[in-house]
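K.L.:
Build me a structure from this.
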Amino acid sequence: MQQRNKLIYTDWLTIMLYVVLVAFGWMNIFSVNETHETTSFFSLSNRYTMQLVWILISAITILLIFAIDSRFYAFVAYPAYGFGLFILLVVLVFGTTINNSKSWIVIGPVSLQPVEFAKTTTILALSKFLSGYNVKISKLKDILIVSAIVFCPIVLIMAQPDFGSTLVYGVIILILFREGLPGWVLILIVALAALFLSSLIFTQFTMIIILLSMTIVAFALMNKKISYFLITLLIIGISITFFIILDYLNIYNTGKEPILFFSLFIVTIVGVIFGLIKKTKGLFLVIISLYLAIGTSYSVGYVFHHIMKAHQRDRVNVILGLDSDPYGYEYNIRQSKIAIGSGGFAGKGFLQGTQTKLKFVPEQSTDFIFCTVGEEWGFLGAFGLILTYVGLLIRLLYLAERQRSKFCRIYGYGVVSVLFFHFAVNIGMTIGLFPVIGIPLPFLSYGGSSLLAFTIMLFIFLKLDSSRRSYMI
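P.N.:
Numbering: from 1, shown residues only. Predicted coordinates for the structure are as follows:
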């Protein structure tokens, strides 16, 4: 009777969406790799055959997940997280380098990417901690522990290096906003991202002018006096004029930076004197924020040129329009757009994609599987696929909100965050909206690691949801 109730309470709509995505993914993998050669359909050298094997393994795994008591997943959360960190260490020592990243463990014909499975263990550990007694996201101690849980795997992944997976782990932090993290933290994260991109596009002089202008606005808004705005604007104007005169006279031969910082120092001194005299509010906070922003802007150059790999810099430069690479990275994006656009409204038809058959687009079975969808199934197929993903995400949000257990709710939001990031960025990079960072499209892209890992992540949540009426976890 208990088993029957669990089947009744299982969310079959989500399972149906999962089956649709997996089946549609296999069809596109078959289309990419099918040839008229005499290779047997059941040969494991075929990608579509290997994907069928992984689909079968995933189906068996689903049965095992539902056979295990729901409370087991909360109980094993910390040990699983420790094991996740362990396999990330193992791959650094014994892993195989593929595509300039030491991210794979190869055992005979099987290749596994531990980083995919560690996503689930990280979400489990984060859910376990945040659902603990007297844990509040507003406490500094708890914020530090949460940060450690998230950033420990990030450090190991960066050592591989795998920039795309690093970003995926970063988005897990979105869980915290549902649990009460102040909105200004999200604003700060967005501002830092905007500062990073702006620092790549504009010169340092322009960036300082922009940051100074924003400081003026912030200072005036905090004190609610237009006179302060005009006075600080006058100070900035005098400073910029001073900078231009010194630069024109070529006082310094070592570059503009000394003049620029000297002008900024004058602005700060005058601003502090003015603030002390008028007893203005928030002056020192604004000044400290200004210098932190300028320091961050200057550090972007070091990160971009010394930490990021050459191919990553090239991709970012092409995306931002700062460089052109018509026969390299830009060529791949162009071919991707051509493939998607050539499908038109209704597509060329299953197995009829010329761009697909002639292998113009790289990694069509994995990172660029959406190109095959666009070419063979057209706008209707691509739009239908996006609607299916959106429907899955909305459904998972609904399931997360109806949980009686805090652990289950947090885990549900973690699953949604990871799936949404993969979905949005993968499709975005195939149409040129995001740099190519090498992350799969969930349930569609070829790869046993990604399919099995996403299946485990999703069905643990469905198992937790199916038991929500029986007991609290």
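K.L.:
so which strand or helix has residue 20?
P.N.:
Using DSSP states H and E, residue 20 sits in helix 12-33.
K.L.:
Mind giving me the packing neighbours of the following helix or strand past that helix?
P.N.:
Counting by DSSP H and E, the next helix or strand C-terminal to helix 12-33 is helix 47-67. If you count contacts as 3 or more C-beta pairs under 8 Å, 6 or more residues apart in numbering; DSSP states H and E, helix 47-67 packs onto helix 12-33, helix 448-466. In this view, the C-beta of every residue, glycine as well, is placed from N, C-alpha and C.
K.L.:
Could you dump those helices into TSV with mean pLDDT and distance to residue 102 added?
P.N.:
Formatted as TSV, these follow (pLDDT from 0 to 100; distance: least, C-beta to C-beta, whole Å):
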stretch	mean pLDDT	distance to residue 102
helix 12-33	91	26
helix 448-466	92	15
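K.L.:
most tightly surrounded among those?
P.N.:
Stretch with highest mean neighbour count among these: helix 448-466 (a mean of 22; mean count of other C-beta atoms under 10 Å).
K.L.:
In a markdown table, list the helices and strands packed on helix 47-67 along with distance to residue 373.
P.N.:
As requested, those are exported to a markdown table (distance: least, C-beta to C-beta, whole Å):
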| stretch | distance to residue 373 |
| --- | --- |
| helix 12-33 | 6 |
| helix 448-466 | 17 |
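K.L.:
Among these, which comes closest to residue 347?
P.N.:
Of all these, it is helix 12-33 that lies closest to residue 347, at 11.1 Å by C-beta to C-beta.
K.L.:
so how far is the closest one from its chain's centroid?
P.N.:
Helix 12-33 sits 23 Å away from the centroid of its parent chain (C-alpha atoms, centre = their mean, to the nearest Å).
K.L.:
if we can go back for a sec, indicate which one of the helices and strands packed on helix 47-67 is closest to residue 67.
P.N.:
Nearest of the helices and strands packed on helix 47-67 (C-beta to C-beta): helix 448-466, 9.3 Å.
K.L.:
From the contact counts, what lies against the closest one?
P.N.:
Here helix 448-466 touches helix 2-9, helix 12-33, helix 47-67, helix 71-75, strand 110-112, helix 114-130, helix 369-401, helix 406-430, going by 3+ C-beta pairs under 8 Å, 6+ apart.
K.L.:
picking that back up, residues touching the helix holding residue 20, excluding its own?
P.N.:
With contacts defined as C-beta atoms under 8 Å, 6 or more residues apart in numbering, helix 12-33 is touched by 46-48, 51-52, 55, 58, 350-351, 353, 356, 364-365, 369, 372-373, 376, 385, 388-389, 391-392, 395-396, 399, 441-446, 451, 455, 458, 462.
K.L.:
got the CA coordinates for that helix in PDB?
P.N.:
Coordinates of each C-alpha in helix 12-33 appear next as PDB, following Å, rounded to 0.1, in the frame of the first residue of the first chain:
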ATOM      1  CA  TRP A  12       4.500  11.900 -13.600                       C
ATOM      2  CA  LEU A  13       4.300  15.200 -15.500                       C
ATOM      3  CA  THR A  14       8.000  15.900 -14.800                       C
ATOM      4  CA  ILE A  15       8.900  12.300 -15.700                       C
ATOM      5  CA  MET A  16       7.000  12.700 -19.000                       C
ATOM      6  CA  LEU A  17       8.900  15.900 -19.800                       C
ATOM      7  CA  TYR A  18      12.200  14.100 -18.900                       C
ATOM      8  CA  VAL A  19      11.400  11.200 -21.300                       C
ATOM      9  CA  VAL A  20      10.500  13.600 -24.100                       C
ATOM     10  CA  LEU A  21      13.800  15.400 -23.700                       C
ATOM     11  CA  VAL A  22      15.900  12.300 -23.500                       C
ATOM     12  CA  ALA A  23      14.100  10.700 -26.500                       C
ATOM     13  CA  PHE A  24      14.400  13.800 -28.600                       C
ATOM     14  CA  GLY A  25      18.000  14.200 -27.700                       C
ATOM     15  CA  TRP A  26      18.700  10.600 -28.800                       C
ATOM     16  CA  MET A  27      17.000  11.200 -32.100                       C
ATOM     17  CA  ASN A  28      19.200  14.200 -32.800                       C
ATOM     18  CA  ILE A  29      22.400  12.300 -31.700                       C
ATOM     19  CA  PHE A  30      21.400   9.600 -34.200                       C
ATOM     20  CA  SER A  31      20.900  12.100 -36.900                       C
ATOM     21  CA  VAL A  32      24.300  13.700 -36.400                       C
ATOM     22  CA  ASN A  33      26.200  10.400 -36.300                       C
END
